[in-house]
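Visitor: no sequence for this one, just the structure:
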């Protein structure tokens, strides 16, 4: 058998085992954009018994960024002389009345980055005011922290960061408290877990009695994670299991965590769909206050407003599935997204639209 | 309040996807009294179908990249568009918009590339135009070429000629050009590999395909911006058929696959400059495939799927796991994701 045929055989066997073990209806949620994307790309749902349902939670980094935060980024982009440095999928995310793509078309300077350190180099080489948009979970935060620390080391006065960083665990707690959400098992994100460690979920699982399995991204790894969740439910257990042991350790990546902690501190943060989450985000520590873009340019994060027809918030909470939104596929498409979940290749709506048609 | 105002052109409109399609259909076709949405071919037939004509504008950054430069691109791009209608390009016009300060030596290199590509296919540059603009008005150089060719295929392959039962063939690995350009522009290292653009003239390959498949060659399309996804969706729409491909049978280089995974892009949506999709009648599919594999630009040619009678315009892929998913027209600008 070729490696490919082996993978298929293994995936089929896992799907069969899931069907055998599953003894009750269960809603399983992932909180990772890459999982959402892989679910759709491989049609994983088609391989599962009907009573096992997959749901996307608040795991797509651009999706959970609030309209108010996007507005602040747009306000920074409109300041003459400022260059915005950002990861690509932020470019099309709508704020209250515009996107970075439109600001760029109107003359704003928007640079798409592949690595945060490029923004530091750009500031040093160009002499222009460079504002790095700090978006994402614990996966991207260490790189941002390193960039800020490096800017300080180089003594740059024309580099700053707008922190819209999010922390996963407070959001999971907020999700469990939401009344319109019912989740029976959590497929924990492989990428974030490599940083925060499998141990980070233990307190959460003890408090909320929800099975939690860390899973990788290949189809067989995802199916193995689902199998472990279904088995816990059948056996009445609620534990943390690590099905991605090659990459994820109990304590996480201590070096990356230290890098985050050196530059950022937890703060309350506005999430799309989940509101203000206590300690749900990160701001720069006072030692790095000089690099705070919002303070430097006098921009504040306001409430912002989403498109009235957009239900991304409910999609992000797992309260509705993308097709339940009346704008889905009609007023809201990947070309003309009303909300962020239709923008990113990791957004639940874009994945559902693109792959499930 | 509109969250994404549609009163201006954004980069997404140039991405070869649905935004561009809508722009052409809703705005640009108004310039023509003869074209309609169903005439969106790579080249138009004129002079009672004896000639095919196509025009194309070229911008690329960087201007010189592994595997080619804007000159080779500008010549081969139009040669390919003419060839896709089963015509042998003979004459080319070349118009250039050059930014002041552009190095003459770079211009000479570009001109040599155009000449070399034309000589290889017996194409003559017969007219041109040159404009010079101010320092910030162009990104180095923009080139527009128009090609005219004499038709040798009968009937002329057309995007609207695919029929249920036909086979879908590509001539090699997808995404090399787009990823090579991205890597060169962003100085990304892709595992130390020397990935090259596939920029090439498809004329002789096209002749081999038509030679082997004759009138069984229904559709030829080069898979440039928007990649294979855009080409297949356009064919499915124009022909009023569905297409189903086997995901695992589509050739993609390991380094392209790796870069796409990293950047959250699909190799099916990445631009090629030397890849075509051929839709051929089932009875000639094996002959066409063999002819392609004998050609130097078709060594990795593969039958990747077939035409079905499902919902018109629907393109789907059977995944490695036996499940099915939609292959949609790309939205617009390809943007790398966060993590």
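Guide: Here it is on my side, so go on. Please read these numbers as outputs of a predicted model, since none were measured by experiment.

Visitor: And the chain, split by domain according to the record?
Guide: I'll assume chain A. In the assignment given by automatic domain parsing, the structural domains of chain A cover A:1-306, A:312-356.

Visitor: Sorry, I should have been clearer: chain B.
Guide: When chain B is parsed with automatic domain parsing, its domains come out as B:42-151, B:167-326.

Visitor: Quick one: mean pLDDT over the longest one.
Guide: Domain B:167-326 shows an average pLDDT of 93 in the prediction.

Visitor: And stretch B:104-116, by the same measure?
Guide: For stretch B:104-116, mean pLDDT rounds to 98.

Visitor: So what touches it?
Guide: B:63-64, B:68-72, B:74-75, B:94, B:98, B:125, B:140-141, B:143 (Cβ atoms under 8 Å, 6 or more residues apart in numbering or on different chains). For every residue, glycine as well, the C-beta is placed using N, CA and C.

Visitor: picking that back up, among the domains of chain B, which comes closest to residue B:17?
Guide: When the domains of chain B are ranked by distance to residue B:17, counting by Cβ to Cβ, first place goes to domain B:167-326 at 5.1 Å.

Visitor: hmm, that closest one touching chain A?
Guide: Yes. Part of domain B:167-326 sits close enough to chain A to count as contact by Cβ under 8 Å from any Cβ of the partner chain, namely B:186, B:188, B:248, B:263-265, B:314, B:316, B:319-326.

Visitor: Three-state assignment for the residue of the stretch 201-350 of chain A found nearest chain B, please.
Guide: In the stretch 201-350 of chain A, the residue that lies nearest chain B is residue A:334 (3.8 Å; Cβ to the nearest Cβ). Here residue A:334 is coil, with the state taken from DSSP: H, G, I helix; E, B strand; the rest coil.

Visitor: per-residue confidence at the spatially closest residue to it that is not a sequence neighbour?
Guide: Once its chain neighbours are removed from consideration, residue A:334 has its nearest residue in residue B:331; the separation is 3.8 Å (Cβ to Cβ, 6 or more residues apart in numbering or on different chains). In this prediction, residue B:331 carries a pLDDT score of 75.

Visitor: Check which helix or strand residue B:331 maps to.
Guide: Using DSSP states H and E, no element contains residue B:331; it sits outside every helix and strand.

Visitor: Could you point out the longest strand of chain B?
Guide: Secondary structure assigned by DSSP state E gives strand B:87-99 as the longest strand of chain B.

Visitor: and the residue in the stretch 151-300 of chain B that chain A sits nearest to, how many neighbours?
Guide: Closest to chain A within the stretch 151-300 of chain B is residue B:264: 4.7 Å, counting by Cβ to the nearest Cβ. Neighbours of residue B:264 under the rule other Cβ atoms under 10 Å in any protein chain shown: 21.

Visitor: what does the one 4 residues further on give?
Guide: Residue B:268 is flanked by 25 other residues according to other Cβ under 10 Å.

Visitor: who touches it in this structure?
Guide: Listed by Cβ under 8 Å, 6+ apart, the contact partners of residue B:268 are B:174-175, B:227-229, B:250, B:327.

Visitor: The residue of the stretch 151-300 of chain B closest to chain A touches residue A:343, doesn't it?
Guide: No. Shown here, residue B:264 and residue A:343 do not form a contact pair, counting by Cβ atoms under 8 Å, at 11.8 Å.

Visitor: Can you check which residues contact both of those two?
Guide: Shared contacts of residue B:264 and residue A:343 (Cβ under 8 Å, 6+ apart): residue A:89.
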